[in-house]
Structures are given as structure tokens and as C-alpha cells.
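1. Whatever this is, show me its structure:
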Amino acid sequence: MRLPTEQVGSIPRPAALIEGIQGFEAGRISQLELNALYHSAVQDTIQRLEATGSPVITDGEQAKHSFATYSIYGLENLAPDGMPISFADGHVRKFPRITAGPFRYKTPADVYLELAQRYAHVPLKQPVSSASALSLLYPQGGIPGYSREQYLGALIAEQEGEIRRCLTKGAHMVQMDFTEGRLSLKLDPTRRLLHSFIDLNNLVLERFSAEDRKRLGVHTCPGADRHSSHSAEVDYAELLPSLFELQAANFYIQLASEPDRKRVLKMIRKHAKDQQRIFVGVIDPLDPRVESPEEVRDRVLEAAEYIPLDRLGTTDDCGFAPFADDTSRTRETAFDKIRARVAGTALASKVLGPE
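-> Numbering: from 1, shown residues only. Got it, this is the predicted structure:
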């Protein structure tokens, strides 16, 4: 039994790239020079991820400004004063706000996939921002001449095209990041916001065939930025029953950092559908300590008590640096943790049975 294991997404950027982004924004370097730094970071990240033995990798999201807003970064019809996202340590990230229509992506995810494919020798997974996250760009007060319905229609079409192109171009998996799922329950305990998010994302997912949806996944976590999260205090019991209503075949679920993993595993067993594969988080990116392969093995064996082996996989709880300026974790720590996940999953696979 060889269990699948996949990374969620981001890896901390090299210092030279972070400095280059700052230099570009300040007008000190050109777009051409910045692009060269992006290419170098992607190539180095892929080489180092392949060296961990990972059977499936990402590009580490090296060229993305953030995991959530990469597709719209640089659009002219945005203002910086959108919805604030507050983290437990007090820092705040702000979404931009769309100011006028029409809405179009500037850099869809398949552009990043094509760049990564130049360097990768193993299957590539492509994370994408969810429609529900980008729905937060539309202001509550509306936009004269451009309704919310028009905006959401354009958003759904853009995301469908992005995902479809990633599949056509050979992505092993397309993973929809849904970190706002748990956050929605903090913002609106009535669950109306969560249900609207589920419905919106399903409007995208349902456009794909059952065969295509085998290569579509959803990631959930309470955020992982700098040294903090935005919604870890929200009980998983409020999210999980609705989460599995999403029309995807693969779910990447933060678990390593949960205080009561067995309780969460029982909920997953109760609510996940038979055709859905569960990748459980066995690595905590917010913990500076590198987990041992044996620790990972034990977490996998624990999960195997609740999830059938033919539907079980492993992952990291979250990306290691979802925002480009996050330096709270080093690249070396991220690669060491991924190496431990790969090795620990292999140890568990041996215990669970022959291939």
C-alpha cells in the first residue's frame, strides 16, 4: 500500500526574490529583471522539491504575489482598501476592492503552470484561488453600472477557463484553496455566508465532468501567515459537514495542528462521501520544529483507523508562505518538513501493507 502524498502549495521565497519584488515596486529594477528572479526561484524550488522525493510537487507559488490574489494582481480597476482579514497575532491582510467592470483575470494559474513545466520532471499540481475568495472583492455598496450578479458571472467564467486550461495543459491536480471556508464562520456564525461560498464554488465545479473532477481538489485550513492563523478557534464541526458538499474528488484537510485530531477524524469519517479522497495534514507549517518521519508515520496510522486506505493520502496543513513577503519560515525548514512528510508516509505505507 503506497499512500499518495502531495504538497499544498507555497514555499518561502528566496531573499533575492523578496528584495527584487520590493525593488520592482519601488522602481529600482525592471520587469525583465524581476522575471529573471521569478524564473530562477521557480527552477530552484522545483529542483529542491524533487530532491525531497516528493511524487507530486508545485512550483512553490514563487511567482505569485499571494495565493489568493495572484490572478488579479496588477489590474487597474482595483483599490487597496477592501475587506480586512485579521490574524490571531494582530496583523491584518487586506483584500483589494474592485472599482469597476468588466472583470477579467490578469494572470491565470495556467501561466504559472507553463513556467513550472519547463523545469519539472515529476507531476505538477496547480493551486488556484477559489471563486468564493474572489467574491469578497465586490464591495457591499455595489458598483454603479456593474452589478454583483454580473461580477460573479464573470468570475465563474474566468475560474472555469483557468481550471480547464490547467487540466488540458497536463496538471496532475488542480487544487482550489478554500481557507475562507472556516473564516466565513467567524464572520457569520449563522452559516449563511459559508453556504453561499459552497454554492458559488459548486457553480464552478459542476461545469466539469465526473472524470475531470477526479483531478480537482479543495484545500481547507484556518490560514497560516507569519506566525499565526485567522480562524483556528472556529470548531471544525461547523465546517466539515458543508465542506464535503463541494463537488470535488480530493480534499486536503489541515489536521496536524488540531488539538484533538481523533475528534476531527471521526467527523471526516461521518461526513466525507465514498468517492472522496482525504489528504490529511501531517505537517504543521506554523511549528518551527521539523517533525520526524516516525512522528509523521504515527499520524498517518492514526488517520488510517478512520479513513479507508484506498481513500487516504497525506499533505501539509497549509502552504509555507502564502504571501510573497512572509519570511517567518525559512526555505530550508519547509524542505526539511516536506522531506519528513514523504519519508513518514512511506514508513506508514510499509506498515499498512505491501504495494
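2. Every contact and neighbour count from this point should use C-alpha atoms.
-> Noted.
3. For Ala237, which non-adjacent residue is closest in space?
-> Closest residue to Ala237 apart from its sequence neighbours, by C-alpha to C-alpha, 6 or more residues apart in numbering: Met267 at 7.2 Å.
4. what about that neighbour, helix or strand, and which?
-> helix 261-271 (DSSP states H and E).
5. which of the residues in that helix are buried?
-> Judged by neighbour count (16 or more other C-alpha atoms under 10 Å), helix 261-271 contains these buried residues: 261, 264-265, 267-269.
6. now stretch 53-70
-> Counting neighbours by 16+ other C-alpha under 10 Å, stretch 53-70 gives 54-70 as buried.
7. now stretch 74-90
-> Of all the residues in stretch 74-90, those buried under the rule 16+ other C-alpha under 10 Å are 78, 82-83, 86-87.
8. all strands in the protein, in order from the N-terminus.
-> In the chain, the segments counted as strands under DSSP state E are 78-79, 84-86, 92-94, 97-98, 125-129, 173-177, 216-220, 250-253, 277-283, 312-316.
9. Can you say which of these is packed in most?
-> Stretch with highest mean neighbour count among the strands of the chain: strand 277-283 (a mean of 28; mean count of other C-alpha atoms under 10 Å).
10. one step back: strand 277-283 and the helix holding Met267, what's the angle between them?
-> Angle between the axes of helix 261-271 and strand 277-283 is 170 degrees (criterion: axes from the mean of the first three to the mean of the last three C-alpha atoms, to 10 degrees).
11. residues in contact with helix 261-271?
-> Helix 261-271 is touched from outside by 236-237, 240-241, 244, 255, 302-303, 306-307, with contacts defined as C-alpha atoms under 8 Å, 6 or more residues apart in numbering.
12. now stretch 78-98
-> With C-alpha under 8 Å, 6+ apart as the criterion, stretch 78-98 contacts 69, 77, 99-100, 136-139, 227-231.
13. In those residues, find the pair that's most separated.
-> Ala100 and His227 (35.0 Å; C-alpha to C-alpha).
14. before we move on, back to that, including distance to Tyr112 and pLDDT, could the contacts of stretch 78-98 go into CSV?
-> CSV is the format used below for these (distance: C-alpha to C-alpha, whole Å; pLDDT from 0 to 100):
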residue, distance to Tyr112, pLDDT
Thr69, 13, 92
Asn77, 22, 95
Thr99, 26, 96
Ala100, 26, 96
Leu136, 23, 95
Leu137, 22, 96
Tyr138, 25, 97
Pro139, 28, 95
His227, 27, 84
Ser228, 27, 86
Ser229, 26, 88
His230, 27, 91
Ser231, 29, 88
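15. State the pLDDT value of Asp325.
-> pLDDT, Asp325: 87.
16. just Glu355 next, same as before
-> pLDDT at Glu355 comes out at 54.
17. going forward can the numbers begin at 55, since that is how I track them
-> With the count now opening at 55, the last piece we talked about shows up as Glu409.
18. For Gln97, see how far away the residue nearest to the spatial centre of the chain is.
-> In the chain, the residue lying closest to the centroid (C-alpha atoms, centre = their mean) is Asp231, at 3.9 Å. Plainly put, Asp231 is 23 Å away from Gln97 if you go by C-alpha to C-alpha, to the nearest Å.
19. returning to what we had before: what separation do you get for the residue nearest to the centre of the chain and Ala185?
-> Distance from Asp231 to Ala185, counting by C-alpha to C-alpha: 9 Å.
20. What of Pro58?
-> 27 Å.
21. Equivalent analysis for Gly77, please.
-> 31 Å.
22. Over to Gly63?
-> Taking C-alpha to C-alpha as the criterion, Gly63 is separated from Ala185 by 18 Å.
23. what's around Glu287, how many residues?
-> The local packing of Glu287 (other C-alpha atoms under 10 Å) involves 12 other residues.
24. how about the contacts of stretch 132-152 in JSON lines, adding distance to Phe374?
-> Converted to JSON lines, those look like this (distance: C-alpha to C-alpha, whole Å):
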{"residue": "Thr123", "distance to Phe374": "17"}
{"residue": "Asn131", "distance to Phe374": "30"}
{"residue": "Thr153", "distance to Phe374": "31"}
{"residue": "Ala154", "distance to Phe374": "33"}
{"residue": "Leu190", "distance to Phe374": "23"}
{"residue": "Leu191", "distance to Phe374": "24"}
{"residue": "Tyr192", "distance to Phe374": "28"}
{"residue": "Pro193", "distance to Phe374": "30"}
{"residue": "His281", "distance to Phe374": "11"}
{"residue": "Ser282", "distance to Phe374": "12"}
{"residue": "Ser283", "distance to Phe374": "12"}
{"residue": "His284", "distance to Phe374": "15"}
{"residue": "Ser285", "distance to Phe374": "17"}
